[in-house]
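In: this one's sequence-less:
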């Protein structure tokens, strides 16, 4: 794939932790939107769970470029991962939500809106920050 | 002023704390950018210190709409403040930086890039979240 980036070791270490990150998207009217999100990184993609009825989904359908801000709670250093939505998978059993709720809360839960759930795969294109 | 919003009490309480927030801007090429920032709220504007040579400054000069994501570290609830850059003031003595470094670190410091410092006043236009 074009412009695949190397993930430095200290960034990989941050990505392995269940940190609340901030996902920046662009609304169809051109204004920015920022929301805290759970995520997991599989070595290639940063994965987020969304529903296909919320504003963030409309945003990435319109503008696939996103930005992920990660703050290291120990050092207050930060990393910004710029990326692009590579693909979106239907996830009507909310398997990604279950995986993330286990990662963040210790036990998997299934949300009421499971039928609307999608798994969003973000491909990093640039790493900024310390 | 048009579309001035009421700041609910629980949002005001968050704004009074020295929390690291995430500022979303839009780059001139249309992609989002998210960066952690110090801030202070004066009852009307959310103030940020920038320099006039960095990318974020170019972004807001091009697209004045911004988004501020605030996570409550106690409850993990969050608030998104959408707003617009109302005005930018030159701040060559870095008075805002001094005020913010005192708010966040307990003692005021003056950055080496003081001559390039500006104070950015964001007017909230919409409050989203819990």
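Out: Good, I have the coordinates. Note that the coordinates shown come from a computational prediction; the quantities given were computed from them, not determined experimentally.
In: can you confirm residue A:59 is in a strand?
Out: No. Residue A:59 is assigned helix when assessed by DSSP: H, G, I helix; E, B strand; the rest coil, not a strand.
In: isn't it up against residue A:27?
Out: Yes. Counting by CB atoms under 8 Å, residue A:59 does reach residue A:27; the two are 5.4 Å apart. Every residue, glycine included, has its C-beta placed from N, CA and C.
In: what's around residue A:41, how many residues?
Out: 18 (other CB atoms under 10 Å in any protein chain shown).
In: pull up the per-residue confidence for the residue nearest the centre of chain A.
Out: Residue closest to the average C-alpha location in chain A (CA atoms, centre = their mean): residue A:48, at 4.0 Å. On pLDDT, residue A:48 comes in at 98.
In: using the three-state scheme, assign it.
Out: Assignment for residue A:48 (three-state DSSP): strand.
In: surely it touches residue A:35?
Out: No. Using CB under 8 Å, residue A:48 is not in contact with residue A:35, being 9.8 Å away.
In: now do the shared contacts for the two.
Out: Among the neighbours of residue A:48, those also in contact with residue A:35 (CB atoms under 8 Å, 6 or more residues apart in numbering or on different chains) are residue A:23.
In: and stretch A:25-35, is it in reach of chain B?
Out: Yes. Stretch A:25-35 comes into contact with chain B (CB under 8 Å from any CB of the partner chain), by way of A:25-26, A:30-35.
In: tell me the mean pLDDT over stretch A:100-120?
Out: Rounded mean pLDDT across stretch A:100-120 is 96.
In: typo on my end, stretch A:54-74
Out: On average, stretch A:54-74 scores 94.
In: next: stretch A:5-12.
Out: 92.
In: pretty sure residue A:51 sits against residue A:117.
Out: Yes. Residue A:51 lies in contact with residue A:117 (CB under 8 Å); the separation is 5.8 Å.
In: which one of those two has more residues nearby?
Out: residue A:117 (22 against 17).
In: you'd agree that one is up against residue A:89?
Out: No. The criterion here is CB under 8 Å, and residue A:117 misses it with residue A:89 at 9.7 Å.
In: distance of residue A:13 from residue A:24?
Out: 22 Å (CB to CB, to the nearest Å).
In: tell me which of these two has more neighbours.
Out: residue A:24 (28 against 11).
In: pLDDT value on the more buried one, please?
Out: 98.
In: residues touching it, list them.
Out: A:32-34, A:66-69, B:22, B:24, B:32-34, B:67.
In: which bits of chain A sit near chain B?
Out: Contact residues (CB under 8 Å from any CB) of chain A with chain B: A:20, A:22-26, A:30-36, A:63, A:65-69, A:71, A:76, A:78, A:80, A:82.
In: give me the nearest residue to residue A:48, chain neighbours excluded.
Out: Nearest residue to residue A:48, sequence neighbours excluded (CB to CB, 6 or more residues apart in numbering or on different chains): residue A:120, at 4.6 Å.
In: state which helix of chain A is the longest.
Out: helix A:95-105 (DSSP state H).
In: right, I'll leave it there.
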